[in-house]
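Q: what follows is a predicted protein model with its sequence.
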Amino acid sequence: TSTRESLYNMNNNSRYGGLHAEAKILIENHQTPLLCFYLDKESNEVKLIADTVSQRKVGESGQFEKLECLLRSTQKEDNKLAFYDDCSLGHGQCNPKGPMFSYDKLPTEILRAIFKYLVPEDLKTLLLVSQTWKSVADEPLLWTGFGLPTKCMKNQKLFEKFFEGSLSSKLQYLELGKFDFLLEDHHFEMFMSLNISSIKITSDIDLSYVSNQLLASLVNTCKDCSISDDVIIQKKFGAQLEAIFTKMSVETNIKSLKLENTQLTSIPSDILSDAFTNLTSIDFDGVEINSDQIQAIFMDLKDDAELKIKIDDYDITIFGIEGLESILHRLTVFSINGNDCLRDGLLRCWIEILDKSCKLKCLELMYIDVTQIPKQMLARVFNKIERINLIFAQCSPNQLNEVFKGMVKSDSKMKHLELTNLNLSLISPTLFAKAVNKLESFLYGLCELSENQVLEMFRIMSLGTNLKKLGTYYGDKEYEETSLETMGMDKMEHIELVEPEILAKAVNNLESLQLDLGASFEDKSRLTLTQLLAIVKQLNSKT
């Protein structure tokens with residue numbers, strides 16, 4: 001209401017002074033409509049606190065006397081007042097049919113917005129609350145990711161009992177991994193009766209007693225498919241893969257396909273070409289495939305399809321690397337692990353291709369030597385890509401300096417940078433700080449940074465930054481196969497030198513912050529108590 005509100009029958013000296021004060025704030029300061037009846041025990045009078053509009057409506061309704069009797073009788077019988085639905089002062093009666101508020105009366109779009117935060121276990125309970133809730137909780141979109149309960153994979157009787165119930169119709173995700181009983185055709189016929197949208201097949205599964213055609217039919221009814229075979233060891237899914245792709249070449253619902261450690265070399269190129277034509281996402285990780293098959297697959301693929309390829313050391317003998325040159329400009333994610341998978345000049349050839357045309361969103365180079373790539377070319381390519389991960393890669397100081405120069409330019413697309421075991425200390429503090437604060441995330445470990453670089457990074461960050469996440473991690477430089485573990489920001493080298501107020505403003509400009517605070521005895525926090533107090537104080541004011 002836009003009219004100025006006033007209070008009626010107020011007595012701030014009574015025992016209800018606190019209530020009056022709060023009501024005055026609500027009505028006069030916040031313009032909140034308010035209607036409150038109470039029985040003053042000292043005077044035995046029923047009093048009213050109300051804004052002007054509500055006060056007028058009560059007077060016009062003529063219901064004050066009835067409400068006064070209701071309050072007096074409730075007080076006399078020492079009972080608590082009940083709340084009622086559809087209480088209409090204009091009609092002079094209250095209808096005691098139920099609570100004042102019913103969640104069933106919430107619009108379905110509000111219920112749906114709430115229910116989407118719940119996991120299937122909770123959704124199962126909502127189905128039993130009311131018809132209204134059931135109608136909303138039944139919606140398939142809310143059950144995305146609902147998979148076969150683990151107990152059903154361990155016990156065949158529980159498996160069959162699950163399919164007898166109505167809950168099985170909600171199943172959308174199926175992982176075919178280790179079952180403690182043999183799967184046969186009739187089990188897959190039960191799967192076929194459902195509307196499964198996503199399927200994952202792992203090397204733990206025993207498909208010896210399942211028809212390849214039935215498996216292929218089930219897989220091709222899904223939209224998302226992931227198949228993971230044994231690593232290097234004997235491949236299990238040769239015949240099954242051929243059946244799946246043969247069916248896929250004729251009729252399929254699959255839009256997203258991930259293959260890991262699988263062998264495709266025995267499948268004719270024309271079948272693969274037809275099978276992959278309508279895919280919107282392809283993810284190859286350790287796939288055995290030849291150059292002719294690569295070109296056949298990607299020749300007729302949709303232009304906007306998302307392509308991810310990861311190559312490890314051992315893939316050099318199984319992946320048609322030469323065929324990559326013709327499709328490199330179409331990849332969206334490219335990961336290379338190990339110099340052994342690159343012949344002389346091949347990496348430079350790939351970088352030259354990406355320099356001319358690049359759709360990559362992520363480039364990951366692990367244990368790769370890039371020192372032979374011209375620094376300007378490397379900088380141009382890196383700054384065309386949203387995410388760059390250099391994990392134990394070899395990169396010269398001059399190359400790094402050129403990359404950081406490119407990062408501060410307006411046309412740089414880089415948003416996320418992860419660096420491991422690199423010397424960054426030769427980059428000027430101002431350039432380093434500006435470049436890092438243009439990113440959305442910066443993660444580094446085992447890297448050399450100067451004191452001035454750290455101080456300038458946090459100074460600029462305190463004034464305003466694009467950074468949402470800043471972190472570090474540790475490992476062991478002596479071991480190539482080291483596992484990197486993330487650490488809190490308080491473990492960063494030189495962070496203890498940053499002025500407390502600057503540090504507090506800087507970290508509170510981020511969206512996420514990890515502080516370990518000496519959780520590990522070996523890696524004590526570098527933060528001083530003054531810095532920590534400043535950060536916490538800033539959390540309480542602006543963050």
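A: On my side now, so go ahead.
Q: count of residues packed around S357?
A: 10 (other C-beta atoms under 10 Å). All C-beta atoms are positioned from the backbone trio N, CA, C, and that covers glycine.
Q: that one contacts L331, doesn't it?
A: No. Applying C-beta atoms under 8 Å, one finds S357 not in contact with L331, separated by 10.8 Å.
Q: what ranges does the stretch 351-500 of the chain have for its helices?
A: Using DSSP state H, counting those that start in this stretch, the helices of the stretch 351-500 of the chain run over residues 375-382, 397-407, 429-438, 451-463, 500-507.
Q: pull out the buried positions in the fourth one.
A: Taking 16 or more other C-beta atoms under 10 Å as the neighbour-count basis, helix 451-463 is seen to contain the buried residues N452, Q453, V454, L455, E456, M457, F458, R459, I460, M461, S462.
Q: from these, which is closest to P33?
A: Nearest to P33, judged by C-beta to C-beta, of these is S462 at 44.1 Å.
Q: and the contacts of stretch 144-160?
A: 120, 162, 170-175, 177-181, 187, 197-198 (C-beta atoms under 8 Å, 6 or more residues apart in numbering).
Q: end to end, how far does it reach?
A: 22 Å (C-alpha to C-alpha, to the nearest Å).
Q: how close does the most centrally placed residue in the chain get to F37?
A: By C-alpha atoms, centre = their mean, the chain has its centre lying nearest to Y117, at 12.9 Å. From Y117 across to F37, the span is 38 Å (C-beta to C-beta, to the nearest Å).
Q: just E175 next, same as before
A: E175 is 60 Å from F37, by C-beta to C-beta.
Q: A216 too?
A: 72 Å.
Q: just L510 next, same as before
A: 50 Å.
Q: wait, which of the buried residues of helix 451-463 is closest to K66?
A: S462 (63.1 Å).
Q: tally up the residues packed near Q399, please.
A: Other residues near Q399 number 21, with proximity taken as other C-beta under 10 Å.
Q: ugh, wrong one, D180
A: By other C-beta under 10 Å, the burial measure for D180, its neighbour count, is 9.
Q: kindly report the same for the one 4 residues further on.
A: Burial of E184 is recorded as 14 neighbouring residues (other C-beta under 10 Å).
Q: for it, what are its contacts?
A: So E184 contacts Y209, V210 (C-beta under 8 Å, 6+ apart).
Q: which regions of the protein lie under the pLDDT threshold?
A: Where the chain drops to pLDDT under 70, the residues are 1-32, 74-101, 231-235, 313-323, 339-344, 474-485, 518-523.
Q: still on that earlier bit, more crowded one of A216 and F37?
A: A216 (20 against 16).
Q: for the helix or strand harbouring the more buried one, buried residues please.
A: Here A216, judged by DSSP states H and E, is contained in helix 212-219. Under the neighbour-count criterion of 16+ other C-beta under 10 Å, helix 212-219 has N212, L214, L215, A216, S217, L218, V219 buried.
Q: what's downstream of that helix, the next helix or strand?
A: Heading C-terminal from helix 212-219 (DSSP H and E), you reach strand 224-228.
Q: so what touches whichever helix or strand comes after that next one?
A: Heading C-terminal from strand 224-228, the first helix or strand you meet, by DSSP H and E, is helix 238-250. Applying C-beta under 8 Å, 6+ apart, the contact partners of helix 238-250 are 207, 212-213, 215-217, 219-220, 227, 254, 262-264, 266-267, 271-275.
Q: what subset of the residues you listed is buried?
A: By neighbour count, with 16+ other C-beta under 10 Å, these hold 207, 212, 215-217, 219-220, 227, 254, 262-264, 267, 271-275 as buried.
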